[in-house]
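Chemist: can't give you the sequence, but here's the structure:
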């Protein structure tokens, strides 16, 4: 299918944010929208994440995005007509030294003050939640009962199907070759399948590649891509209700409704880059961490191992909103590994912005210029 010669809005990047924003625009009657992606559906970070959804954050900005998104995820199956397997089994965070424990106590106090029902647990109480844990030296735990996990793929497919039904033009395998600028506007998006003139806004939802796209018009971005590896086990009898996070090493693990345990762990020595290959080092590191924390997992088979890219900002808070110096270039990237879990609210905010409405949340804390002004927000609870 050929590209339209002109569109009201052009969204570049067909992940959960790009497609979700197009869906919210179409719901408002704004259907003259083109969504472009050089890959295929679910080829990017939206198809490579672990499906965790949590409100246990340490900034008001991320808490508000997550709190509202959790409520929206509960309604999404009815809106999209597809099962997303959202299960609110909670997040259990484990601290093994006093510094981590103090961080948890401070975080829980802050979360409670912002409407999040997180609570502190002792070692014994943590074992009541997950009896299989082996936790000698555990100092403190926290539990967020409204947090949970979902299956990312049907969310993206649901958005894609609804976009097509509502008349949004979605074009995969379409590479953006350039952005033609006229004064303070992006007038045309040049692609491998033809050019699209833009009457309204261009939205950069390209995640780890957002620096490359912005660089086409001389905009410097502070975010960097960092590889993050993950794996899935064979299906097991249900035993693990919450997402468990070991703060010693960033290990996280949850059991999805199909029975598999999905787990990942960060590598502090991982250098920024676009590599998405799997490594033996990751498998060895995560195997040791899992067996140390949960010895009953020692004989479980690994079914699949993969990697994706975290689009990291210096303060671990996303970049949302207009680009300085441009009238029609909107940024929606830099989610630092938690884009999927806040995507419902982000999609709503972007649709409001593009529709000329007053946004539900103030976008100033997410603005690109905060880095130049030294007004970074600094989220400390990035896992992995």
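Modeler: Done, it's in. It should be emphasised that the depicted structure is a prediction, and the values quoted were computed from it without experimental measurement.
Chemist: Helices of the stretch 1-150 of the chain, residue ranges please.
Modeler: 16-27, 60-80, 98-113, 123-129 (DSSP state H, counting those that start in this stretch).
Chemist: Low-confidence regions, the protein specifically.
Modeler: 1, 383-384 (pLDDT under 70).
Chemist: spatially speaking, which residue is in the middle of this protein?
Modeler: The centre of the chain sits closest to residue 339, judged by Cα atoms, centre = their mean, with a distance of 1.8 Å.
Chemist: Without its sequence neighbours, what residue ends up closest to residue 68?
Modeler: Of all residues not flanking residue 68 in the chain, residue 345 sits nearest, at 4.3 Å (Cβ to Cβ, 6 or more residues apart in numbering). C-betas here are computed from N, CA, C, even on glycine.
Chemist: let me fix that: residue 347
Modeler: Nearest to residue 347 is residue 20, by Cβ to Cβ, 6+ apart, at 3.6 Å.
Chemist: List the contacts of that neighbour.
Modeler: For residue 20, the contact set (Cβ atoms under 8 Å, 6 or more residues apart in numbering) comprises 159, 343, 344, 346, 347.
Chemist: Leaving out the residues flanking it, which one is nearest to the fourth one?
Modeler: Which is residue 346. Per Cβ to Cβ, 6+ apart, closest to residue 346 is residue 17, 5.8 Å.
Chemist: Can you name the residues that contact the closest residue to residue 313 other than its chain neighbours?
Modeler: Distance criterion Cβ to Cβ, 6+ apart; nearest residue to residue 313, sequence neighbours excluded, is residue 334 at 3.9 Å. Contacts for residue 334 were tallied using Cβ under 8 Å, 6+ apart; they are 210, 221, 222, 223, 311, 312, 313, 317, 318, 319.
Chemist: could these go into JSON lines alongside distance to residue 271, secondary structure and neighbour count?
Modeler: Compiled in JSON lines, these are given as follows (distance: Cβ to Cβ, whole Å; DSSP: H, G, I helix; E, B strand; the rest coil; neighbours: other Cβ atoms under 10 Å):
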{"residue": "210", "distance to residue 271": "19", "secondary structure": "helix", "neighbour count": "23"}
{"residue": "221", "distance to residue 271": "18", "secondary structure": "coil", "neighbour count": "21"}
{"residue": "222", "distance to residue 271": "17", "secondary structure": "coil", "neighbour count": "16"}
{"residue": "223", "distance to residue 271": "15", "secondary structure": "coil", "neighbour count": "25"}
{"residue": "311", "distance to residue 271": "15", "secondary structure": "strand", "neighbour count": "26"}
{"residue": "312", "distance to residue 271": "12", "secondary structure": "strand", "neighbour count": "20"}
{"residue": "313", "distance to residue 271": "17", "secondary structure": "coil", "neighbour count": "24"}
{"residue": "317", "distance to residue 271": "22", "secondary structure": "coil", "neighbour count": "24"}
{"residue": "318", "distance to residue 271": "22", "secondary structure": "coil", "neighbour count": "27"}
{"residue": "319", "distance to residue 271": "22", "secondary structure": "strand", "neighbour count": "28"}
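Chemist: give me the beta-bridge partners of residue 197?
Modeler: residue 6, residue 188 (DSSP bridges).
Chemist: Spit out the contact partners of it.
Modeler: Going by Cβ under 8 Å, 6+ apart, the list of residues near residue 197 reads 5, 6, 7, 187, 188.
Chemist: quick one: the residue nearest to residue 313 from residue 23, how far?
Modeler: From residue 334 across to residue 23, the span is 22 Å (Cβ to Cβ, to the nearest Å).
Chemist: returning to what we had before: OK, contacts around the residue nearest to the centre of the chain?
Modeler: Here residue 339 is in contact with 15, 16, 17, 45, 46, 207, 311, 318, 346 (criterion: Cβ under 8 Å, 6+ apart).
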